[in-house]
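1. Structure for this input, please:
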Amino acid sequence: MTSTERPGNSVYALLSDGTTVRIRPACPEDRERVLRLFTGMSPENLRLRFFTAGPGSAEAAAERISSPGAPGDHALLALVGDEVTGTAEFHRSPADRETADIGLAVADAWHGRGIGTLLLEHLVHAARAAGIRRFTADALTENHLMLKVISDLGLRTARRFHGPEVRCTIELTEDEPYLSAVDERGRAAGVASLEPLLRPASVVVIGAGRSPSSVGRALLGNLRAHGFTGQLAAVNPHADAIDGTPCHPSVGQLPYVPDLAVLAVPATAVPDAAEQCGKHGVKALVTVASGLDDGQAAELLAACRRHGMRLVGPNCLGLANTEQTVRLDATFAAAPPRAGTAGVAVQSGGVGIALLGALSRLGIGVSSFVSLGDKYDVSGNELLQWWESDGVTDLALLHLESFGTPRGFSRTARRVARTVPVLTVDAGRSEAGRRAAASHTSAIVTPTMTRRALFQQAGIIATDSVGDLVATAALLRSQPLPAGARVAVVSNAGGAAVLAADACAEAGLTIPELPGPLIADLLGVLPPTARAVNPVDTTAAVSGKQLAACLDLLARHGAVDAVIVALVPTALSAATGDDPA
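-> Below you'll find the model as predicted:
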């Protein structure tokens, strides 16, 4: 994930270590902030940036960056809180309006965390919009960090050396290598930012009540009962302990800074609880409350952005990770997810409970489960990235009613689906369904045609119901993926074989002709009028024993990677009492 929100001209984005930064255009009021960035740099880094360590260059740069500038000039800042941690600027060449010269600076303490690359990504986007087709950048040949940032962008770059300096010319064509580089940076940053959510070393439940029927009490009970491996505490000003878990009057009075806070407080108390968590240094929130009004929602999200916290919810069931090193069940579901290797993400908590129950009954375990709810921050796109990288998940199940950035979701899903089957429920197909989705999760539902095209393009297997989703998951769990695309079709009816072969071809599979020795072996076990070129027509007279021998030969030979058997009931098989099915 590159960007997480766009309030006005600001963009919230993730660094390579998962830290949230704000990127926005510079303005005159930023002069002192920018100057503090430069004066805080070491003399060596000032020399590498300005080719001199004198204070005059820093002051001139601060003035230039914070001034409105000429048309075609653009300056961006990266901020953590109110601190400027990096700047990037371009200035259009008077001689060539399609070329602009760039400058980049990153605070010493923030080197190596992706700020420079992120700023240049956004600078590239702004330059393209202004009609600029290439950047030029001058650097000292010893400025390895700057040269690496340019190289890592993924754009075509030429270098010309002039003594101790090098001029880089960067073509701004948006090609596949660049998009892949952006995707990879976003994936790494997104996965790093989810560590405190899904692999927290410590959790606090805020709003854990003493009443057995309270949501907070249920959340705390599940965390304890299912063996969370990290530190666990609760915030309740009216109790010293709940079921053996120590309670503290406020987040600020906790003896440690928890990775994850689960907010089980009423909607009216959510913004203040989030702000207190942010001030204490909490890295991630799960908010289960529903019914936040627009003002409360805005305050919640602003607190998360301001303090760099990732957010699941609000209006959600919670989340879980069954890995033995974590054993996290931060949900208020009645039963824990069964441990396994299927990743599950849902927008509806009720659908989540039904889906987990159905999977468990079929013996399908879950690696991690996230109830996204109103999906203010963490998205299905990021969870696909997590499952791609967690080393556990080999099957992904999604119930999503909306997609914040369909293009980004499509690129991620297409990449993930090459190695991990991705299944979804096509929710909100009807007008009534879309109204219901907008009502209960505040989702702006993606139009049906767009959604179906999205699924097809990304290689996602879409089903029409939770029952079909579970059945398909059970099929994939019990039937391993073929090693390749070569398929043999076996049928006792020629027409069924033709249809199956056509479907395979349209799906990008191949129906290869079988080797001569294998054909001879197949004809040796099938009825006299059978044909074995592929598709294999066993004829209606095939017996169960003959069919089994045919399939065994195909499976053992290695000429194909998968076998599709399409049988129809016939009077011949019924008359002989030997049903081939």
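
2. Doesn't residue 329 belong to a strand?
-> Yes - secondary structure of residue 329 (DSSP: H, G, I helix; E, B strand; the rest coil): part of a strand.

3. tell me the average confidence for stretch 227-236?
-> Per-residue pLDDT values across stretch 227-236 average out to 96.

4. what's the span of it, first residue to last?
-> End-to-end distance of stretch 227-236: 22 Å, with C-alpha to C-alpha, to the nearest Å as the criterion.

5. got it, and stretch 66-86?
-> Start-to-end, stretch 66-86 (C-alpha to C-alpha) is 13 Å.

6. Tell me both backbone torsions, phi and psi, for residue 262.
-> phi -100, psi 120 (degrees, to the nearest 10).

7. which residues touch the nearest residue to residue 16 once chain neighbours are set aside?
-> Take residue 16 and drop its neighbours on the chain: the residue closest to it by C-beta to C-beta, 6 or more residues apart in numbering is residue 114, 3.8 Å away. Backbone N, C-alpha and C define where each C-beta goes, glycine included. For residue 114, the contact set (C-beta atoms under 8 Å, 6 or more residues apart in numbering) comprises 15, 16, 17, 185, 189.

8. Pull out the buried residues from the residues you listed.
-> 15, 16, 185, 189 (16 or more other C-beta atoms under 10 Å).

9. what's the following helix or strand after the longest strand anywhere in the chain?
-> The residue-count maximum for a strand in the chain (DSSP state E) belongs to strand 83-92. Reading on from strand 83-92 to the C-terminus, the next helix or strand found by DSSP states H and E is strand 99-106.

10. who touches that following strand?
-> Residues from elsewhere that reach strand 99-106 (C-beta under 8 Å, 6+ apart): 37-38, 41, 49, 61, 72, 78, 85-93, 115-116, 119-120, 123, 127, 132-138, 146, 149, 170.

11. Now, of these, which are buried?
-> Using 16+ other C-beta under 10 Å as the burial test, those include 37-38, 41, 49, 61, 72, 78, 85-92, 115-116, 119-120, 123, 127, 132, 134-137, 146, 149, 170 as buried.

12. Among these, name the ones in strands.
-> Filtering the buried ones among the contacts of strand 99-106 for strands - DSSP E - leaves 78, 85-92, 134-137, 170.

13. biggest separation within these, which pair?
-> 85 and 134 (27.0 Å; C-beta to C-beta).

14. isn't residue 254 right next to residue 280, touching?
-> Yes - using C-beta atoms under 8 Å, residue 254 is in contact with residue 280, at 6.9 Å.

15. tell me, what residue is most central in this protein?
-> residue 382 (1.8 Å; C-alpha atoms, centre = their mean).

16. That one: what secondary structure?
-> Here residue 382 is recorded as helix under three-state DSSP.

17. Check what pLDDT it gets.
-> Per-residue confidence (pLDDT) for residue 382: 94.

18. repeat for the one 4 residues further on
-> Reported pLDDT at residue 386 in the predicted model: 97.

19. now it, what's its secondary structure?
-> helix.

20. Burial check on it, number of neighbours?
-> 27 (other C-beta atoms under 10 Å).

21. what residues are up against it?
-> 190, 191, 194, 198, 343, 368, 393.

22. distance of it from residue 95?
-> 48 Å (C-beta to C-beta, to the nearest Å).

23. domains of the protein?
-> Per automatic domain parsing, the structural domains of the chain span 3-174, 194-478, 487-576.

24. Rebuild those as CSV, extending it with distance to residue 181.
-> Output for those, formatted as CSV (distance: least, C-beta to C-beta, whole Å):
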stretch, distance to residue 181
domain 3-174, 3
domain 194-478, 12
domain 487-576, 27
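
25. what's the most buried one of those domains?
-> Comparing the domains of the chain by mean neighbour count (mean count of other C-beta atoms under 10 Å), domain 194-478 ranks first with a mean of 20.

26. give the contact list for the nearest residue to residue 230 once chain neighbours are set aside.
-> For residue 230, ignoring the flanking residues on the chain, the nearest one in space by C-beta to C-beta, 6+ apart is residue 201 at 4.6 Å. Residue 201 is in contact with 230, 231, 259, counting by C-beta under 8 Å, 6+ apart.

27. Just list whatever residues bridge to the second one.
-> In this case it means residue 231. Beta-bridge pairing for residue 231 (DSSP bridges): residue 202.

28. Let me see the ranges of the helices in the stretch 1-150 of the chain.
-> 31-39, 43-50, 55-66, 115-129, 144-152 (DSSP state H, counting those that start in this stretch).

29. Packing partners of the fourth one?
-> The elements that helix 115-129 packs onto, with contact taken as 3 or more C-beta pairs under 8 Å, 6 or more residues apart in numbering; DSSP states H and E, are strand 11-14, strand 20-25, strand 74-80, strand 83-92, strand 99-106, strand 134-140, helix 144-152, helix 176-198.

30. now the longest one: mean pLDDT?
-> Confidence over helix 176-198, taken as the mean pLDDT, stands at 91.

31. before we move on, what about the first one?
-> What strand 11-14 shows for mean pLDDT is 92.

32. Tell me the strands beside it, with direction?
-> For strand 11-14, pairing defined by DSSP bridges yields strand 3-5 (antiparallel), strand 20-25 (antiparallel).

33. any idea which of those scores lowest on pLDDT?
-> Among the strands paired with strand 11-14, strand 3-5 scores lowest, with a mean of 41.

34. Need the nearest residue in space to residue 68, chain neighbours excluded.
-> With sequence-adjacent residues excluded and distances taken as C-beta to C-beta, 6+ apart, residue 68 is closest to residue 28, at 7.4 Å.

35. shouldn't residue 337 be in contact with residue 322?
-> Yes - contact status for residue 337 versus residue 322: in contact at 5.8 Å, counting by C-beta under 8 Å.

36. any common contacting residues for these two?
-> Shared contacts of residue 337 and residue 322, defined by C-beta under 8 Å, 6+ apart, comprise 365, 366.

37. residues in contact with residue 531?
-> Residue 531 is in contact with residue 537, counting by C-beta under 8 Å, 6+ apart.

38. do you know how far it is from residue 548?
-> Using C-beta to C-beta, residue 531 is found at 19 Å from residue 548.

39. element containing residue 160, please.
-> strand 157-162.

40. That strand to strand 134-140, inter-axis angle?
-> Computed by axes from the mean of the first three to the mean of the last three C-alpha atoms, to 10 degrees, the angle separating strand 157-162 from strand 134-140 equals 40 degrees.

41. partners of strand 157-162, with directions?
-> Using DSSP bridges, the strands paired with strand 157-162 in its sheet are strand 165-171 (antiparallel).

42. List the contacts of the partner strand.
-> Applying C-beta under 8 Å, 6+ apart, the external contacts of strand 165-171 come out as 51, 102, 133-141, 147, 150, 153, 155-160.

43. If we use 10 Å, what do you get?
-> Residues from elsewhere that reach strand 165-171 (C-beta atoms under 10 Å, 6 or more residues apart in numbering): 51, 99-102, 120, 124, 127, 133-143, 146-147, 150-151, 153, 155-161, 178.

44. Output that strand as CSV - backbone C-alpha positions only.
-> Written as CSV, here are the backbone C-alpha positions of strand 165-171 (Å, rounded to 0.1, in the frame of the first residue of the first chain):
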residue,chain,number,x,y,z
GLU,A,165,29.5,14.6,-10.3
VAL,A,166,26.9,12.5,-12.1
ARG,A,167,23.8,13.6,-14.0
CYS,A,168,20.9,11.2,-13.9
THR,A,169,18.2,11.5,-16.6
ILE,A,170,15.0,9.7,-15.4
GLU,A,171,12.3,8.9,-18.0
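
45. That'll do, ta.
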